[in-house]
Structures are given as C-alpha cells and as structure tokens.
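Asker: build me a model from this:
(one chain, ligands or ions: 1)
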Amino acid sequence: MAQPCEPDAALRSALERFADQPKILIALDFDGCVAELVADAADARPVPENAEAIAALADLDGVDVAYVSGRSLESLRELAQPPQGVLLIGSHGAEKDLGEDAPGLELNTTETMARGQIISTLEEVAADAEGAWVEHKPAGAALHVRNVAGDELGEQVLEHGRAALSLVDGAYLKNGKKVLESVVVLATKGEGITDLREHTAPDAVLFAGDDVTDEHGFAVLDGEDIGVKVGDGETAAGHRIAEPKDLAGVLRLIVQRRSASRSDTRPTP
Ligand SMILES: O=P(O)(O)OC[C@H]1O[C@H](O[C@H]2O[C@H](CO)[C@@H](O)[C@H](O)[C@H]2O)[C@H](O)[C@@H](O)[C@@H]1O
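Answerer: Residues are numbered from 1 along each chain as shown. Take a look at the predicted model:
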C-alpha cells in the first residue's frame with residue numbers, strides 16, 4: 001500500500017494548533033474520505049491506515065471522534081466498524097447515535113408514504129438502465145450509477161431520476177458522486193456537526209469530507225476549526241488532501257502531537 005502524503009505546511013501548522021486545544025472533536029465522512037470509493041457500495045471499508053489512526057484517536061483523552069455520513073447508521077456500523085465510543089451521524093444528519101438512549105428515526109405516515117413512492121420511482125428508473133441500482137435507506141433511497149457504462153449515460157439516468165422525483169410530494173433531493181439521493185426528512189451534515197458540537201463541547205472541530213453534501217459540514221466551521229476537503233472540486237474547506245489514504249497523515253499528526261504533549265507534561269516520578 002502506498003504511504004500517505006504528509007499534510008502540506010499550512011495544514012500541518014493548523015493541525016498543530018488544533019491538536020494543542022484541550023478538547024477536540026474529529027468528525028469524518030466515510031465514503032471517499034475514510035474509505036476509497038468502490039464500484040459496489042457494500043464493499044467500502046476504511047483504508048487500513050485510516051482505521052488504525054481512528055482507533056488511536058478514539059483512545060486519547062480529550063478527543064471525541066465521530067463519523068458524519070450519508071449512509072444509514074446500520075450500514076455505517078457494519079462497514080466502518082467504528083471503535084467503541086465513536087459517535088455516529090447517519091443519513092446525512094437524520095440519524096444519530098450519540099452513545100445514549102436516543103430514539104431511532106421514526107417517519108410519520110406521510111413521510112412513510114413518500115419514502116415508498118421514492119423507492120418505487122427510483123426502482124422504475126433503474127430498471128431501464130443497465131448497471132443502475134437503488135439503495136433503500138431509512139429516510140429514502142439512493143439511485144446509484146457508478147456501474148452504468150459511460151459518464152454521459154450515467155448523468156442521463158440521474159437526470160431521469162430527478163425528473164421522476166419532481167412528481168413525488170415530500171421528496172427532497174441530494175446530489176452526490178455518481179448518486180442521486182432522495183429523502184423525506186430534511187437534514188444536513190451541518191446540522192449533524194452542530195449536534196455533535198453541542199454534545200461534546202469541544203474547543204475546536206476538524207471535519208473531513210469529499211462530496212457535495214459535505215459542504216454543509218464545512219459551512220458550520222469557524223475559529224480554530226479545520227475543514228479538509230478530500231480530492232478535487234470546489235469547496236469552502238480551508239485545506240485539501242488528494243485522496244483517502246492521505247487522511248492517515250492528518251490523523252497521525254494529531255495522535256503524535258497529543259501523545260508527545262502528554263508525555264512532556266507527565267510528572268517525573
Ligand atoms: O457521506 P458518505 O459517508 O460519503 O456517504 C455518501 C454515500 O456513500 C455511498 O455511496 C458512495 O460510495 C459508494 C462506495 O464507494 C460508491 O459506489 C457510490 O458511487 C458513492 O456515491 C453510499 O452508498 C450512500 O448511501 C451514501 O449516502
């Protein structure tokens with residue numbers, strides 16, 4: 001496996017200041033950030049070096065780690081295998097596991113009907129396009145076109161999905177990488193990060209993500225917070241790394257900096 005690229009100088013110095021804060025929250029997107037993007041959504045797994053760094057961070061005092069994902073909580077738990085204590089935001093902010101008794105996502109009758117219509121509408125669209133498939137999710141569904149031959153055809157299938165969904169009352173749309181999601185509960189990753197901030201009361205937050213929906217997360221950062229965009233594309237994040245494997249360099253720097261400062265301040269016996 002290729003080694004992660006080290007963070008550039010600007011990111012490095014921001015990370016050092018961040019790691020020196022008494023209490024920090026590290027919030028991570030999953031697909032395309034902790035895990036590489038893959039053809040079959042069920043095959044996504046954390047890059048091993050990222051998983052190791054996440055486990056090390058989750059063990060440190062004063063550090064909260066969270067996944068903030070578009071996936072359902074069920075899928076996130078299964079694929080990300082988060083270490084104990086890692087907080088989870090799923091379904092783009094509509095589902096939460098903040099380590100306490102929290103009611104699961106409950107849809108009212110209107111939302112349940114709209115979700116059913118979203119699923120049947122997208123299944124019809126996918127049935128007409130080889131390689132397209134529909135992921136059923138707690139708050140709606142996602143039309144995937146990563147396995148449709150050719151970018152242009154994939155975009156046409158997504159456009160067909162958007163047009164068909166415009167006839168479904170209560171269907172909100174979210175665009176992602178080779179995917180069109182439709183949900184009946186309006187929530188964003190920005191709200192998810194705000195919930196995490198209220199729950200953990202950190203001095204600063206780091207959020208890393210790769211997709212359009214992650215921009216809602218970058219938008220709620222301020223002060224000593226750090227936004228890290230993974231890959232290409234316009235972003236409001238202040239920093240960028242090239243690919244998921246490079247996240248390990250970012251996370252390891254925080255682990256090393258905090259571990260070093262703890263051993264410096266430990267009283268000599
Ligand atoms: O917010 P995330 O954790 O990044 O989740 C966003 C969506 O990720 C998944 O789809 C994406 O990743 C798949 C696996 O690499 C890829 O095949 C697909 O093309 C991508 O769009 C997931 O299936 C969705 O439910 C998430 O909302």
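
Asker: how about the helices in the protein?
Answerer: When secondary structure is read from DSSP state H, the chain shows helices at 9-19, 48-58, 73-80, 109-127, 151-165, 189-200, 215-218, 247-265.

Asker: quick check: buried residues in the third one?
Answerer: Neighbour counts using 16 or more other C-beta atoms under 10 Å place 73, 75-77, 79-80 of helix 73-80 among the buried residues. No exception for glycine: its C-beta is placed from N, CA and C like everyone else's.

Asker: before we move on, the earlier item: and the helices of the chain, which is most packed in?
Answerer: For the helices of the chain, average neighbour numbers computed from mean count of other C-beta atoms under 10 Å are highest in helix 215-218, which has a mean of 23.

Asker: so, in contact with the ligand or not, that helix?
Answerer: No - for helix 215-218 and the ligand, the contact criterion (C-beta under 6 Å from any ligand atom) is not met; the two come no nearer than 9.4 Å.

Asker: by contact count, what packs against that helix?
Answerer: When contacts are defined as 3 or more C-beta pairs under 8 Å, 6 or more residues apart in numbering; DSSP states H and E, helix 215-218 packs onto helix 189-200, strand 204-209, strand 226-230.

Asker: could you redo the last one with a cut-off of 6 Å?
Answerer: Here helix 215-218 is seen to pack against helix 189-200 when contacts are counted using 3 or more C-beta pairs under 6 Å, 6 or more residues apart in numbering; DSSP states H and E.

Asker: elements contacting the helix it packs on?
Answerer: The helices and strands touching helix 189-200, judged by 3+ C-beta pairs under 6 Å, 6+ apart, are strand 63-68, helix 215-218.

Asker: is the ligand within reach of that helix?
Answerer: No - counting by C-beta under 6 Å from any ligand atom, the ligand has no neighbours in helix 189-200; the shortest distance is 7.2 Å.

Asker: for the buried residues of helix 73-80, which two are the farthest from each other?
Answerer: L73 and L79 (11.2 Å; C-beta to C-beta).

Asker: now whichever residue of the stretch 1-150 of the chain sits closest to the ligand, nearest residue through space, not along the chain?
Answerer: Across the stretch 1-150 of the chain, no residue is closer to the ligand than G70, which sits at 2.6 Å (C-beta to the nearest ligand atom). Among residues not flanking G70 along the chain, H92 sits closest, at 4.8 Å (C-beta to C-beta, 6 or more residues apart in numbering).

Asker: that neighbour and E74: what is the separation?
Answerer: 15 Å (C-beta to C-beta, to the nearest Å).

Asker: give me every residue that touches G93.
Answerer: 187-189, 191-192 (C-beta atoms under 6 Å, 6 or more residues apart in numbering).

Asker: got the residues of the stretch 51-200 of the chain near the ligand?
Answerer: Remark: the part of the stretch 51-200 of the chain in contact with the ligand comprises 69-71, 135, 142, 144, 146, 176-179, 181, using C-beta under 6 Å from any ligand atom.

Asker: residue nearest the centroid of this protein?
Answerer: D29 (2.1 Å; C-alpha atoms, centre = their mean).

Asker: any idea how far H160 is from that residue?
Answerer: Using C-beta to C-beta, we find D29 at a distance of 27 Å from H160.

Asker: for A114, which non-adjacent residue is spatially closest?
Answerer: On the basis of C-beta to C-beta, 6+ apart, the spatially nearest residue to A114 that is not a chain neighbour turns out to be G170, at 3.7 Å.

Asker: residues near R45, how many?
Answerer: 16 (other C-beta atoms under 10 Å).

Asker: I misspoke; the intended subject was A2.
Answerer: Under the criterion other C-beta under 10 Å, the count of neighbours that A2 has is 8.

Asker: ditto for the one 5 residues further on
Answerer: P7: 22 surrounding residues under other C-beta under 10 Å.

Asker: give me the pLDDT for P269.
Answerer: Here the pLDDT value assigned to P269 is 54.

Asker: before we move on, back to that, tell me the one of the contacts of G93 nearest the ligand?
Answerer: Using C-beta to the nearest ligand atom, K189 is the member of the contacts of G93 that sits closest to the ligand, with 7.2 Å.

Asker: circling back to that earlier point, most neighbours among the residues of the stretch 51-200 of the chain next to the ligand, which one?
Answerer: Of all those, the highest neighbour tally under other C-beta under 10 Å goes to S69, namely 30 neighbours.
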